[in-house]
Each structure stands twice: as C-alpha cells, then as structure tokens.
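Asks: Give me the fold of what follows.
(chains A and B)
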Amino acid sequence: MSSPLVTDPAAAAVPVQEVGPGTRSAWRTFLRQPSGLLAALVLVVMVLLAVFAPLIADEPGGTGADVLRAPSGGHWFGTDDLGQDIFAQVVWGTRTSLLIGVAASLIAIVLGTAIGLASAYFRRVDAIGTVVTDVMLALPTLPLMIMLAAIVSPSVWTLTVIIGVFAWPEVARLIRSQGLVVSAMPYIDGARVLGASGWRIVTREIMPAVVPLIVVSVLLTASRAVISEAGLSFLGLGDPDAWSWGRILLNAQRSGVVAIAWWQTLFPSLAILLLVLAATVAGMRFNDIRDPRRNGG
Amino acid sequence: MARFVLNRALKAVLTIWIAITATFFLLRLLPGDPTTLMVEGDMTPEMRAALLKTYGLDQPLLEQYVSYLRELLHGNFGISFRQIQPVTDILLDRLPWTLLLAGVAFLLTIAVGIPIGVYAAAHRGRWPDKLLQGFGIGGHALFVPSVAMLLLVYLGAKLGWFPIGGAIDPDTRGAAAYLSLAHHLVLPVASLVLVQLGPYALTLRTNLIDVLGEDYIRAARARGLSGRRRLWKHALRNAILPALTLMGLQLGTLVGGAVLTETVFAYPGVGRLIYEAVGQRDYPVLQGAFIMLAITVVVANALTDLLYAVLNPRIRL
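Replies: Numbering: from 1, shown residues only, chains lettered A, B, ... in the order given. So this is what the prediction gives:
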C-alpha cells in the first residue's frame, strides 16, 4: 500500500535552481532546524536499534511465564499472550522494517529514475512510460501486493521486491516532471549540438540536475515502503521467520487481546509513527534546502 | 460531451484490461504451483493432473488467457479453492459493504476537509494553519490498523459507545436496522477519515492560497468585496474542482485502507474477504477481489473526472 498521501510533499515540482548551496552547508542548514535535527536523531536511533538488536534484546521466541503483563521494569513494553517481551519484538521488528523500507525504496528509485528520465528526454519512451505510470497509479496497490505476496512464499526478500516494484510510479512521475523542465533548458540543446548521444545527455546532463530530488524521493519512498510492509505483515503476509511491527499488531488481533493488552498495539504503532514521521520530515526539510524559495513559505 | 465520455470510458476500459492481463500473466509466471496450495498433505501425480485439468491449468498459457477473459466478460471470476462456490457470488456478497464504507469515507473526507482547508487558508500562518500543517504531515505517518485499533479499544471496548465489530445487528428490523448499520459504520469510517483528512485538507489549503494570489481575487478586492466573500464565493469555487480530482486520485489508497480497517473491525466487505483468503491461500478469490476493487476504483475515478468536466465552466461539453 502506498501510505495515505494526498500529495507527495515533494511533488510540487519547482524550477531547478542553478547552483545549490554546497553539500556541507546544506547539511548544516538541515541540522540547524529543530525539526530537521530531531528527524535525523530519530532515524539514527532507529538504525542503531536495527544494527545492534542482538545486543539490546534476545530474539523473542518460545513461551514465557509472564503472560500479558503490563509494562514494568522487567518488561518495558509488557508481554504478549505467549509471555514474550514486546520490547524485544519491537527492537527486532525495527530490523525488518528498516531493511525492507530501505531496500524496497532503492529498487523503486532505480526503476522510477530510469523510467522518469527516459520519459523526460525520449518522446517515444514517454508515450508508453506515461501510460504505464498512469495505470499503475490508478490501481489499488495494496490488494495487488497482497495477491502476489500470497502466491510467492513471503520472505523479507520477496516482500522487498514486491513493494519496490509497485512503488516506482510515484518516483517516475516526480522525476519525469522535473526532467522535462531540465530537458527544455538551453544547455541541453547545447549538448545536442555538440553531438552528445541521447544516453550521454540523460546520464551526464539531466541526471545530475535531478539528484537532489532523488535524495528526497528515497526518504519519502522508504516511508511509504515501511507502511506497506506493516500492512502486508498485518494481513499475515510477513516473513514468518522475521519479527516486524505489523506482525506484532497481527498477533494482538489474532489472539483477541486488543482490548485488554493496550501495550501490545501501542508500542509497535508508535514505532511506525515515529519512523515514518521522521523520514517524511527529513525529506521535506531536505526539499526546503534544495529550493531556498520555499523556505518559510 | 459524448466524445469526452467515450474517451474517458475507453481509458477506463484500457486500464482495467491492463490490470487483468498483467495479473493473469504475473500469477502464472511467478514461482509457486497453485495446486500445491489446494490440497493439504501429499498429492499423487494423478491427483495433481486431475486438479490441473479441472481448473484448465493444463492448457497452453495463451488459451488459458483467452478463456479467462471470455469468462470474465460473462461475469465469471472462477471457483474458489476453499469454499466450493463461484468467486463472483462471494464477491457480490461482500462488495456492497466495501462500497458503503469507502463511499461514506470518501464523501466525509471531502465534506470535512473543505471547511478545514478554507479556514486554514484564511488564517494563514496563524495557529489553526500551523495545526493543520502538523496534522497534514503527521497524517502521512498514520498506519490505518493502529488508528482503527485505538478507536476500537477506547470508543468501542472501554467506553462502549460503538460496536467493536460487524456491520449490522441481525436482530434489528426497519428503522432500527438502518440505525444499527450507521452505528456499526462509525468507527471503521472514522479510521479511514482520520488518516486521509490531514494531508487532504493541507493540499486544499495550499491550492487555495495559490488561487488567492490570482488576479481576479485581487480585482474582487479592488471592487471592495469582503475577505470572507472573496474566500468562500470566489476562491473556493476554483479550489473545489481540484479538491474533487485530488480525492479521485486517492481512491486506490482509500480502498487499501478499507482492506485494513475491515480486517480490524471484522467488517464483512471485500477487504475482510481478502484477509480470510490470505489465511487460506485461496488465490482465485484474491485475484477476483483485486480485479473487482480495481474496476471499482477505475470506474469511480472516471465518474469523478466526468463530474469535474460537468462542473467546470471552463470545459464546455
């Protein structure tokens, strides 16, 4: 599922600026804003949790004596109906969510950028590319992903591919609209007059101009991918061998403890909220820096 | 007018055909043998061959495709693997519930989103606007089942204001039945609206602010029209059409959200059916449900576009 975006925060394509602020000062501007700093901190903490999960908590499994305990000093996030520690589940779930989010987003970015750039420069590609993009955007993606995930046995990698393959149209649309602006610029005509091939113009002249937009897309696409993964896991299509936030919610739903054990639904929900919010805010702040005219607007 | 309608209808049919064709070939080219999903335990080669023959899976791919399309055109979505009955019957049982849920959520998001967007645009930069910006960005991060479970636990289980599952109390008749229907609809609809509303109203507000900068609004101001009149009569009229289109584009996401909401509230729509079919790996049902939802979304989108054309004075049909 694509997340409930009404608009992509970066979708309002803005004219390309000539020379952006240097990378170092862009980072400084980014981190100087409280929201940018906070978002970056949350993302860093999430990555650390994912990487060092085995050091922070034992992998949840089996059954424990403390069943359905409320959060306490021993079990920070309480326990589920099997006596497993929810904190450990959430920490281990961070791994799956981040991994799938980042990897799926990379697939979507590569596909979307290739299709978007080709559409922006080559008329013939554009005819087909736009139709395919429009069709994909018009269809309900979640039921489609559910169907495919149910056929192939769900694992971290199949989920990544399925989510990535259906997340590219948004990226392609964004990159194409920006690429069209760049393609119309005089320096592209110049390159053509000098005899540059279409391939060279697309990869060497147009692509660098859309790189900042690609960075923004990575963050926004990853946050959509995290929501998609949670949705699929919640419907029972997650990797049965990997913990995920959606799976914790599914367990609560299946064991019928939603109304009793609030901790089993609250903490994974907060984790999803925090990660997606941080990625979205980081993407938007980055977008602001990319185009100073939008600052304070 | 006729030409516009025809064009739009053709585009819708093309989209649906691509969806059907793509899923047909995807499902058959993917690794995984559907017959292994139908029978539990071991299967003799003869049993497998018989099953393949029953479902026509021993035919060449292209022939399967043609006969699949022919059957679809006759409204036949195949036979469910688990419940031995036509998928069409199962789907038609469930579809009205999803249409009701998604339709009410769709209209309510627009009805509530417009005033919020207008109010924020009118108070640009002040606290109602800032609040909407936060809600608009935060809305992207809301996970439908999380919101649904929160509502279920507090408004349903703890306070007991609303039922926590199902779509209607089967013992009610007449007016009481409608009341029960509406009562059961509140929490599932609220989950969908809460998730969609913020980003929607925020986009509306941004559109409206753009419109407010246009010349005709300045002209209206020069003529001495009040701010309120400029906003509600002149600007809103031009902002409301994109608002409609925008919501039309969200239909796919809305339907995805409905699948998740229905699962949480055991609401008997297509979404809950999908959840059940996933558990049973009943893939004719999954395929049928996807195609049915795709048709719904594409048709609703086409209708939204038509309404847009009828309402927009700049397009003379």
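
Asks: could you check the distance from B:Ala2 over to B:Leu306?
Replies: 12 Å (CB to CB, to the nearest Å). Heads up, the C-betas are built off the backbone N, CA and C, glycines and all.

Asks: between those two, which one's more packed in?
Replies: Neighbour count, other CB atoms under 10 Å in any protein chain shown: between B:Ala2 and B:Leu306, B:Leu306 has more, with 16 against 7.

Asks: List the buried residues for the one helix or strand that one maps to?
Replies: Using DSSP states H and E, B:Leu306 maps to helix B:283-311. Buried residues in helix B:283-311, counted by 16 or more other CB atoms under 10 Å in any protein chain shown: B:283-302, B:304-306, B:309.

Asks: filter those residues down to the ones close to chain A.
Replies: Subset of those in contact with chain A: B:Tyr283, B:Leu286, B:Gln287, B:Ala289, B:Phe290, B:Leu293, B:Ala294, B:Val297, B:Val298, B:Asn301, counting by CB under 8 Å from any CB of the partner chain.

Asks: Tell me if I'm right that the fourth one and B:Gly269 touch.
Replies: No. With contact defined as CB atoms under 8 Å, B:Ala289 does not count as touching B:Gly269 (9.9 Å).

Asks: Need the phi and psi values for B:Ile164.
Replies: Phi and psi for B:Ile164, reported as degrees, to the nearest 10, are phi -100, psi 0.

Asks: residues in the stretch 101-250 of chain B within reach of chain A, list them.
Replies: Residues of the stretch 101-250 of chain B lying near chain A (CB under 8 Å from any CB): B:137-146, B:149-150, B:152-153, B:156-158, B:164, B:195-196, B:199-200, B:202-203, B:206, B:246, B:249-250.

Asks: Can you tell me which of these are classed as buried?
Replies: B:137-146, B:149-150, B:152-153, B:156, B:164, B:195-196, B:199-200, B:202-203, B:206, B:246, B:250.

Asks: Now do the buried residues in the longest helix anywhere in chain A.
Replies: Ranked by residue count and defined by DSSP state H, the top helix of chain A is helix A:86-121. Of the residues in helix A:86-121, those with enough neighbours to count as buried (16+ other CB under 10 Å) are A:86-109, A:111-121.

Asks: Within reach of chain B, which of those are there?
Replies: Okay, of the buried residues of helix A:86-121, nothing touches chain B (CB under 8 Å from any CB).

Asks: Now the element after the helix or strand bottoming out on mean pLDDT in chain B, going C-ward?
Replies: Least confident helix or strand, chain B: helix B:34-38 with a mean of 58, by mean pLDDT, DSSP states H and E. Note on helix B:34-38: by DSSP H and E, the next helix or strand toward the C-terminus is helix B:45-54.

Asks: And the contacts of the next helix or strand after that following helix?
Replies: Next helix or strand after helix B:45-54 toward the C-terminus (DSSP H and E): helix B:61-73. Around helix B:61-73, the neighbours that count as contacts under CB atoms under 8 Å, 6 or more residues apart in numbering or on different chains are B:Ile20, B:Thr21, B:Phe24, B:Phe25, B:Arg28, B:Gly56, B:Leu57, B:Gln59, B:Phe77, B:Gly78, B:Ile291.

Asks: what angle do helix B:61-73 and helix B:283-311 make?
Replies: With axes from the mean of the first three to the mean of the last three CA atoms, to 10 degrees applied, the angle from helix B:61-73 to helix B:283-311 works out at 60 degrees.

Asks: Give the rounded mean pLDDT of helix B:61-73.
Replies: The average pLDDT for helix B:61-73 rounds to 85.
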